[in-house]
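Peer 1: Return atomic coordinates for the entry below.
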Amino acid sequence: MKILVIGGAGYIGSHVSREFLDRGYHVTVFDNLSTGRRENLFDDADFVQGDILHDGELAEVMKQGFDGCVHLAALKAAGVSMQCPEAYSLTNICGTVEVLNQAVKYGIGCLLFSSTAAIFGSPQYLPIDEDHPREPENYYGFTKLEVERILEWYDRLKGLRFASVRYFNAAGFDVRGRIRGLERNPENLLPIVMEAALGVRAGLSVFGDDYPTRDGTCIRDYVHVSDLAEAHVAAFEYVMKQGKSLSVNLGSENGVSVLEMLDHARKVTGRPIPATIAPRRAGDPPCLFASSAKARELLGWVPKYSSPETLIESTWNVYRSVFEEHGKL
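Peer 2: Residues are numbered from 1 along each chain as shown. Coordinates of the predicted model:
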């Protein structure tokens, strides 16, 4: 079967592409390389450089004919979205509508949409399941929720089946070391920890140590990106087999605090990793983790690589190797 992966040169997209390739699918990656990296492309996949905001470029690739499309191209910095809603509206909403229109035009049967836990806002109960109220607290989350609503209408009106897969905290790298493109300007915890371990940063800030948690720091649900990739394939195959759409939360169901993750990182890397306590950040809930019961029931999905040790070890192996190659160690 033929799969188009939009945003397939990015961090998550490259792992999703690799998983489809490993399962025997024919993969074409469509990416404008604004944040994606050429080193994340594979010789056994086709590549087309293009932008979802350029409808002619999108049509040119989609008319090749695909069984399914994975859509991961989006702006994702929650803080920036509050300052630049126009950019997030254009890319995340308008760009996605163009993807849907072209998918319908060229008869693509299933679209996998990269969604986010940010659609839920602060948790009203834990773990967060699919029935949790959806009240995003940043514009990024709003754009993703709006797309989910649009997808429901396209399903009803145009017969475009979809799977909306909601990530919590994606982390880690391919455990076989086949993906080595580091994220540009990372904002997530583990890449920042790695940079501190390598001396690229003098240290890192822990935002708040007075939360009502077991050690006073925020607890989050970290899911290995390879586990997320497996869920994409499972979700696509479910929609194609069952002929109906699907929305699922993808989490490890185990929260890890900032200090716990930092302690694991020091043990795995053997580096001191300096850290200082800083004031809380506005909008950070104390705890955030998911229920994956629906994904387990419908997709048979159980995360295999999402222990803190595997998350950190797979990330450290890539960061250390890349920095050694470039003579920075």
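Peer 1: Tell me, domain by domain, which residues of this structure belong where.
Peer 2: 2-171+223-250, 189-221+254-289+305-325 (automatic domain parsing).
Peer 1: Could you save the ones you listed as JSON lines and add columns showing mean neighbour count and distance to residue 178?
Peer 2: To be clear about C-beta, it is placed using only N, CA and C from the backbone, and glycine gets the same treatment. JSON lines is the format used below for these (neighbours: other C-beta atoms under 10 Å; distance: least, C-beta to C-beta, whole Å):
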{"stretch": "domain 2-171+223-250", "mean neighbour count": "20", "distance to residue 178": "6"}
{"stretch": "domain 189-221+254-289+305-325", "mean neighbour count": "18", "distance to residue 178": "10"}
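Peer 1: Columns distance to residue 295 and mean pLDDT on top of these, output as a markdown table?
Peer 2: Shown next, in a markdown table, are the domains of the chain (distance: least, C-beta to C-beta, whole Å; pLDDT from 0 to 100):
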| stretch | distance to residue 295 | mean pLDDT |
| --- | --- | --- |
| domain 2-171+223-250 | 4 | 96 |
| domain 189-221+254-289+305-325 | 13 | 94 |
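Peer 1: Of those, which is nearest residue 179?
Peer 2: Relative to residue 179, the nearest member of the domains of the chain by C-beta to C-beta is domain 2-171+223-250, separated by 5.1 Å.
Peer 1: Break down the stretch 201-329 of the chain into its helices, ranges please.
Peer 2: Secondary structure of the stretch 201-329 of the chain (DSSP state H, counting those that start in this stretch): helices located at 225-242, 258-269, 293-299, 308-325.
Peer 1: still on that earlier bit, mind checking which of the domains of the chain is nearest residue 299?
Peer 2: domain 2-171+223-250 (4.0 Å).
Peer 1: sorry, back to before: figure out which of the domains of the chain is closest to residue 297.
Peer 2: Nearest of those to residue 297, taken as C-beta to C-beta: domain 2-171+223-250 at 9.6 Å.
Peer 1: The closest one: how far from the chain's middle?
Peer 2: Distance, stretch centre to chain centre, for domain 2-171+223-250: 9 Å (C-alpha atoms, centre = their mean, to the nearest Å).
Peer 1: Equivalent analysis for stretch 314-329, please.
Peer 2: 22 Å.
Peer 1: Dump the C-alpha coordinates for it into PDB.
Peer 2: The C-alpha atoms that make up stretch 314-329 are tabulated as PDB, following Å, rounded to 0.1, in the frame of the first residue of the first chain:
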ATOM      1  CA  SER A 314      18.000   6.200  23.000                       C
ATOM      2  CA  THR A 315      18.200  10.000  23.000                       C
ATOM      3  CA  TRP A 316      21.700  10.100  24.600                       C
ATOM      4  CA  ASN A 317      23.100   7.600  22.000                       C
ATOM      5  CA  VAL A 318      22.000   9.800  19.200                       C
ATOM      6  CA  TYR A 319      23.100  13.100  20.700                       C
ATOM      7  CA  ARG A 320      26.500  11.800  21.800                       C
ATOM      8  CA  SER A 321      27.100  10.200  18.400                       C
ATOM      9  CA  VAL A 322      26.100  13.300  16.400                       C
ATOM     10  CA  PHE A 323      28.200  15.600  18.600                       C
ATOM     11  CA  GLU A 324      31.200  13.300  18.300                       C
ATOM     12  CA  GLU A 325      30.900  13.200  14.500                       C
ATOM     13  CA  HIS A 326      31.000  17.000  14.400                       C
ATOM     14  CA  GLY A 327      34.000  17.200  16.700                       C
ATOM     15  CA  LYS A 328      32.000  18.900  19.500                       C
ATOM     16  CA  LEU A 329      33.000  16.400  22.200                       C
END
